[in-house]
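Novice: Based on what follows, work out the 3D shape:
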Amino acid sequence: MSLAALLDQGRWTHEPAAATLDGDVLRVTAVEGSDAWRTTSYGFVHDSEHALLRPVGGAFSVEVSFVLDYTEQFDQAGVFLRVDERNWIKAGVEFADGTPQVGAVVTRDASDWSVAPVPEWTGRVVTVRASRDGDAVTIRAWADDEPPRLVRVAYLDPDAHVSAGLLCAAPSRAGLTVAFTGFRVGEPDGSLH
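Specialist: Model (predicted):
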């Protein structure tokens with residue numbers, strides 16, 4: 001499925017400030033204060049992310065590619081899997097503490113967050129892949145044509161109905177525009193390693 005088809009068939013969790021298809025690139029501008037987080041450590045619930053999703057059944061993988069060219073605290077882009085407002089997974093690259101960080105937030109009533117710095121990915125096309133099979137979602141990410149690196153393995157109820165797609169958010173500023181360059185739904189990964 002192309003970005004154009006996702007834009008046509010998908011639904012936004014929350015409308016962005018703008019979304020423009022320019023050839024094969026979807027440029028999405030986030031609203032200031034947008035984010036996805038539930039409770040842990042901060043004590044607040046943010047349910048205002050810009051995720052363009054479509055239902056995906058059974059076992060699958062979803063890949064989202066984007067240009068990593070943002071540099072403000074908590075700017076983020078990647079992939080989003082949503083069951084409901086209390087159960088979801090976001091994974092991608094978030095700018096935090098002065099550097100881009102690849103990571104995932106897994107939420108089952110409360111959010112957790114895992115990150116690792118990837119400053120060498122700045123200015124490159126990053127791809128994030130979420131592969132759902134059985135009770136697991138395996139997250140991998142890479143820049144350009146590097147080998148994928150394992151980011152996270154997370155539990156997801158095997159009976160849960162999931163919508164999946166792309167995500168961006170700008171918790172701390174206005175003006176973040178993410179250039180998404182690819183979207184694909186396919187078969188799940190054959191193995192964890």
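
Novice: so what's the spatially closest residue to residue 13 that is not a sequence neighbour up against?
Specialist: For residue 13, ignoring the flanking residues on the chain, the nearest one in space by CB to CB, 6 or more residues apart in numbering is residue 51 at 4.4 Å. For glycine as for every other residue, the C-beta is placed from the backbone atoms N, C-alpha and C. Each residue near residue 51 by CB atoms under 8 Å, 6 or more residues apart in numbering is listed here: 12-14, 36, 80, 82, 90, 165-167.

Novice: ranges for the helices of the chain?
Specialist: Shown for the chain, the helices assigned by DSSP state H span residues 3-9.

Novice: So in that sheet, which strands flank the worst-scoring helix or strand of the chain on mean pLDDT, and in what orientation?
Specialist: Taking mean pLDDT, DSSP states H and E as the measure, the helix or strand of the chain with the lowest value is strand 45-47, at a mean of 80. Here strand 45-47 is paired, per DSSP bridges, with strand 36-38 (antiparallel).

Novice: Where does the prediction get shaky in this protein?
Specialist: For the chain, applying pLDDT under 70 flags the ranges 44, 192-193.

Novice: in stretch 117-126, what counts as buried?
Specialist: 118, 121-122, 125-126 (16 or more other CB atoms under 10 Å).

Novice: Touching that stretch from outside, list them.
Specialist: The set of residues external to stretch 117-126 that reach it, using CB under 8 Å, 6+ apart, is 65-69, 77, 92-93, 99-102, 141-144, 181-182.
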